[in-house]
Each structure stands twice: as structure tokens, then as C-alpha cells.
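only geometry, no sequence info:
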């Protein structure tokens, strides 16, 4: 691992890696024994200097996306200090006003400040986006890992159900789960996570299938390591890199699905502000104050765009063959 | 080849069975009791029990499940709790409007997405390529309903060219007038997805050895691009078309809500809000059936156009 990193550093990054075509596992530059005997800081710095990271850092759009997301997290965390008003405070005389000195982005149908609600609404989008992807990632890695590692009947059943679910748009799957669980923030996290789950199962299964044949796994088996230990200590750490990278792309989908569900009135419930339910009230009052829908939709679009740009950048960096 | 098609067609049955089972059991997990929901909080335990018996909700779950599957096979999804009318009848009435929207949306998406993707791939890193990629990225970052809202604000509210409530009017042009904005909002988002797949697929093909050979032996560049390369580049695009059609279908749920347009999506959302389980079940099953059939058709088509695919 260390040797390879060094080599890539001295090589510069102009030459496309021949290893890039060998699947995502090898293209990350992580060799098969990583993640076990080294400290977290070492792993991080190795990642920072790795070939794909250097390619990623050159991608200006992707770096812009990272900066935006960092800003957004800052806004979400420090919402109480940044918002000019309490997001629930009603200024009844100023209902459905357009942007003004007093309310920078106008007010909604209860006379609440739209800017403050957008600031607080970032929390719902980020929480649902990150939590659901994390949940789906953990569950998907475990299920996909088991499916790929065990093979046979189990793998067949899991793969065919995954294939069927993959063909369903995530909005439809999310809708189905929300119908079963009822609306609310926690349930939306579960619904979005389940709608993304098939993607993660498939993402985890492929590399595991390849890893299973590797010598070091056979060596583990030969010295008598248990199956559980092999999966948890040797298989999973090796597929974590590509999965966590691809997760960024799914955060974009997750935020969009949350917004769609909230827009239909099935997601985050008022009075908790979320960009999706703000768009909903914006559409209901579109003739009196069109700004409400426009601003909340813009917030969603820019955020999803940022995650998409990061995801695209990571994918290009990891798989230089796809690059024009 | 025939055996391949037959096997693909037969695989629809177990797929629908699995989907049907998922829909049924997910619906039964639902948090609220439909009988209570229908009668309201003030209902007595007796009347709730009576209604449950009437709806067949007091029978064992397995019996209800088998019943549901057998009825669904005959196209019978029970009666709506809210209106008492057969679910199949309501879906049948709403489906053409949604199908119309899907058709125009897909047409707009294809007509814009495919040529844009081709031009972008043939001239990589040109201004056109860069601009179309940025627009496409913006298009697929927008929630599908947001573009609809923006179009509605501009063309219906501000300019007044189109109705704010897109109820289809009689006659071909009346329908077209009502469907135009919703279809455009879906189609433009769709075009972003299609453009990206066409571009990346064509870029990959253009790097193949046989393309270099064609160039080297003096075939005119246009012929190499649009004859040798494009035919092969479109093969993988066919697969994603199936997926995009599913996304488009789901997108109609949102678009119909934005434009107040009648159709399956509005029916489904209304049913969800009223806890009208037979209607939700029926609606989801129809969506599922359409998606499964489309994907099977895509699979078969894929086998037909790609001579390198193996049929066993």
C-alpha cells in the first residue's frame, strides 16, 4: 500500500492508471490488507495523497460542491444564530409578502419569515439525506456482503429481489414505505433508506464476489478464521472505500426523494420546516406569493446539484477511463 | 432466440408475484386501521368490528393474501373505501391521462436528449459540450416538480399562454394545450438523463479500435459518427430507457399535483391521504405491472439489437 502510494506520488498524475479498469476496488489504490493494522490518521493521509484524491482536488466544480456542502452544514448547525427570526414566529399582518427590507425572502401563509425557515429547513434535508444514506449503506453493505460471500441459493434469492426493486423508481418505493409507516421525519428516513437499499446491495455484492476468490481470504480460511470474522474484518473493510464514495451520489437522490415526499404532504410534517413542505405551501399559494415556491425549490436544487457535482467528480477521479 | 423471448415473457409472472406480495404485506403493515379511519374517532367498537367484517379484514392474513392475489390476477382490486366504486374502474378512468403525459414527456425527452448527447460526444470539451453538460446537471438536480412550478409561473401565471389548472379539454388540440406544460417539465428533466447516457456511451464507442480503423481507411467522419458509432452507442442507452421510463412514471405523481391535472398520480396521492387501501394497492400494482412489462420489453429489445448477447 505504502509503496504504491509513493510510486503514484512520484509519477505525477498525468498518466492514466492501468489499474483503473480493474474494478472500483483496485482503482481506489487500496491494497487488500489495508484498514487493519494502521491508524485512522494514516489511512486518511494516504487517502488524501492517493492518485484519485489528487485528480478529485483538481476538479474545480467538485471542490466547489464540497465547499457549498461544508457551508450548508455550518448553516444547519448554527441555524439559531444565523436566522433573523424564529422560524415558527407568525407575523400575521405580513402574510404572503414578497421579499422586502424586513423579510429578505418574504413570508409564507402564516406570516413566517421564509429566510429563517429555509435556514432551519436545511436541517431536515441534511438529516434525512445523510441519515438515510448511512442507514441504507450499512444495511446494504451487510446484505450485499453476505449475499456475495455466501453465494448459492441465498445469493440468487437476494439478487433477484434486488434486481426487481432496482427497476422501481426510488420515489415509488419511498411512497410505499411512507404509506405503511405514516408520515414524519423518522419514517421518511426509513422510507428513503429502504428505497436506496437495492443500490447499495448491488454495489457491495460485486466486489465481494471478486474478493472471495483472493488468496488472502483463502489464507484466512486456512488458518481457521470464522466466516463472521472473515466478513467483518477482511471483506467489509475492503469494500468500504468505493461504497462510501458512491454514497455521495445517493445523498443527492435521497434529498430529492425527501423533498418529493414532503411536497406530497407525506414527508416531514409542518410546523417543522423542510424545503419540500415549504414548496408545498408555496404551490398552494402560488398566485399570492410565487417567491415562496421559487426560493425553497432553489435551495433544494442547489444542494442536490452540489452533491451531484461531488459525486460526478469522485466517479471521474476513481475511474479515469470514463473521462473524455 | 424464440426461447429467449419466451423465457423473458414467462419471467413476468414470478416478478409480478413477488411485487404483489411486497405491496400486500407493506400495506398490511400500515399504521392505521382503515375501518377506524373511515368511521372517524367517535365510532363505537361495535360498528368498527362490523365494518371490518364487511371489508373482510377480520379473516386470517393468509386468506386475505391469497384472495388478493387471485382477485388481482383477474384484474379485480376490490372496491374503493372512499367511493365504494371498483378500484379497477377508477384506475381505468385515470390511466389514459397519465399515459398521455408519459408519452409526450418521453417524446420531448428523447427528441432533445438524444441529439444533444450525440453532438456533445462528437465534439467533446467544446463549448456546446460544456454548456449542455451544465444544463443537464442542473436538470437532474432539480426536483421534477420544481421545473414544473417554474414553467407554470412563467407561461401560465405571468404570460397566460397556458391554463393554471391543466384539465384536458375536448379535442386533440385541447388535450395538447393542457398536456404541454406538464409534459415539457417532465421531458426536460428526462432529456438531462438521456443526454448524459447518450454522451457517455457514444464517447466510449468512439474510442474503440474499429472507429480508428474506419477513420484510417478514409470513411467520411460523419459516416463514422452516425453510422458506425451511433448504432453501437445506442444499445446500452436502450437499457437505461426502461429505468428512465419508470422514473418518468413516478414523476407524473408530482407533476400532476403541481398542475392539478387528473390522472393516476393524483388518484394515488388522494387515496394515500384518505387511507383508501384497496385503491392504493391497486394503484401501486398497476405502476409495478407497467414497470415490469416495460423492463421485460427492454430486455427483449436489447437481445434483438445486440448480436453479441447470449441467449442461454
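That came through fine. Quantities reported herein were computed from a predicted structural model and do not represent experimental measurements.

Do I have it right that residue A:137 meets residue A:242?
No: using CB atoms under 8 Å, residue A:137 is not in contact with residue A:242, being 11.3 Å away. In short, each C-beta sits where N, CA and C put it, glycine included.

Closest to the mean position in chain A, which residue would that be?
Centroid-nearest residue in chain A: residue A:251, 2.5 Å away (criterion: CA atoms, centre = their mean).

From residue A:303, how far out is that residue?
Distance of residue A:251 to residue A:303, computed by CB to CB, to the nearest Å: 9 Å.

Mutual contacts of these two, please.
With CB atoms under 8 Å, 6 or more residues apart in numbering or on different chains applied, the contact sets of residue A:251 and residue A:303 do not overlap.

dump the residue contacts of the most far-flung residue of chain A relative to its centre.
Most distant from the centre of chain A: residue A:93, at 40.7 Å, with distances by CA atoms, centre = their mean. Residue A:93 is in contact with residue A:111, counting by CB under 8 Å, 6+ apart.

Near chain B, which residues of the stretch 51-200 of chain A are found?
A:160-161, A:164, A:167-169, A:171-172, A:175-177, A:179-182 (CB under 8 Å from any CB of the partner chain).

Let's see that with 6 Å instead.
By CB under 6 Å from any CB of the partner chain, the residues of the stretch 51-200 of chain A that approach chain B are A:164, A:167, A:169, A:171, A:172, A:176, A:179, A:180, A:182.

so can I have JSON lines of the residues you listed showing neighbour count, pLDDT and secondary structure?
Formatted as JSON lines, these follow (neighbours: other CB atoms under 10 Å in any protein chain shown; pLDDT from 0 to 100; DSSP: H, G, I helix; E, B strand; the rest coil):
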{"residue": "A:164", "neighbour count": "20", "pLDDT": "83", "secondary structure": "helix"}
{"residue": "A:167", "neighbour count": "20", "pLDDT": "80", "secondary structure": "coil"}
{"residue": "A:169", "neighbour count": "22", "pLDDT": "85", "secondary structure": "coil"}
{"residue": "A:171", "neighbour count": "25", "pLDDT": "88", "secondary structure": "helix"}
{"residue": "A:172", "neighbour count": "19", "pLDDT": "88", "secondary structure": "helix"}
{"residue": "A:176", "neighbour count": "23", "pLDDT": "87", "secondary structure": "helix"}
{"residue": "A:179", "neighbour count": "25", "pLDDT": "84", "secondary structure": "helix"}
{"residue": "A:180", "neighbour count": "19", "pLDDT": "84", "secondary structure": "helix"}
{"residue": "A:182", "neighbour count": "14", "pLDDT": "81", "secondary structure": "coil"}
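
Dump those residues into CSV; add distance to residue A:277 as well.
Output for these, formatted as CSV (distance: CB to CB, whole Å):
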residue, distance to residue A:277
A:164, 31
A:167, 29
A:169, 21
A:171, 16
A:172, 20
A:176, 20
A:179, 17
A:180, 20
A:182, 15
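
farthest-separated two in the residues you listed?
Largest separation among these by CB to CB: A:167 and A:182, giving 26.4 Å.

low pLDDT regions in chain A?
A:1-40, A:319-324 (pLDDT under 70).

longest helix in it, by residue count?
Counting by DSSP state H, the longest helix found in chain A is helix A:114-150.

Could you give the separation of that helix from the chain centroid?
Helix A:114-150 sits 6 Å away from the centroid of its parent chain (CA atoms, centre = their mean, to the nearest Å).

now the helix or strand harbouring residue B:70: mean pLDDT?
Secondary structure assigned from DSSP states H and E places residue B:70 in helix B:61-73. The pLDDT scores in helix B:61-73 average 82.

Can you give the distance of the following helix or strand past that helix from its chain's centre?
Following helix B:61-73 in sequence order, the next helix or strand is helix B:87-122 (DSSP H and E). Between the centre of helix B:87-122 and the centre of its chain there are 8 Å (CA atoms, centre = their mean).

so residue A:86, which of the three states?
What DSSP: H, G, I helix; E, B strand; the rest coil gives for residue A:86 is coil.

can you pull out the helices in the stretch 201-312 of chain B?
All helices of the stretch 201-312 of chain B, identified by DSSP state H, counting those that start in this stretch, fall at B:209-216, B:221-223, B:230-259, B:264-273, B:277-305.

Which residues does stretch A:127-144 contact?
Under the contact criterion CB atoms under 6 Å, 6 or more residues apart in numbering or on different chains, stretch A:127-144 has outside partners A:188-189, A:192-193, A:196-197, A:200-201, A:204-205, A:243, A:247, A:250-251, A:254-255, A:258.

buried residues in stretch A:277-297?
For stretch A:277-297, burial by neighbour count (16 or more other CB atoms under 10 Å in any protein chain shown) applies to A:277-283, A:285-286, A:289-297.

Select from the residues you listed every entry located in helices.
Secondary structure defined by DSSP H assigns A:277-283, A:290-297 of those to helices.

and residue A:152, how many residues sit next to it?
Residues within reach of residue A:152, counting by other CB atoms under 10 Å in any protein chain shown, total 8.

how far away is it from residue A:158?
Residue A:152 is 11 Å from residue A:158, where distance means CB to CB.

Repeat that for residue B:227.
Going from residue B:227 to residue A:158 by CB to CB gives 43 Å.

which one of the two has more residues nearby?
Taking neighbours as other CB under 10 Å, residue B:227 and residue A:158 compare with residue A:158 leading, 20 against 12.

Tell me the buried residues in the helix or strand containing that one?
Assigned by DSSP H and E, residue A:158 belongs to helix A:152-166. Residues A:155, A:158, A:159, A:161, A:162, A:164, A:165, A:166 are the ones in helix A:152-166 that count as buried (16+ other CB under 10 Å).

do the same with stretch B:168-181
Of the residues in stretch B:168-181, B:168, B:175, B:177, B:178, B:179, B:180, B:181 count as buried by neighbour count, 16+ other CB under 10 Å.

OK, contacts around the fifth one?
Counting by CB under 6 Å, 6+ apart, residue B:179 makes contact with B:100, B:101, B:104.

same check, this time on the second one
Taking CB under 6 Å, 6+ apart as the definition of contact, the neighbours of residue B:175 are residue B:168.

For it, which phi and psi angles does the backbone take?
Reported as degrees, to the nearest 10, the phi and psi values for residue B:175 are phi -70, psi -40.

Against residue B:201, how distant is it?
Taking CB to CB as the measure, residue B:175 falls 34 Å from residue B:201.

Also the fifth one?
Summarising the geometry, the distance separating residue B:179 from residue B:201, computed by CB to CB, is 30 Å.

now the third one
Applying CB to CB, the value for residue B:177 to residue B:201 is 36 Å.

What of the last one?
Taking CB to CB as the criterion, residue B:181 is separated from residue B:201 by 30 Å.
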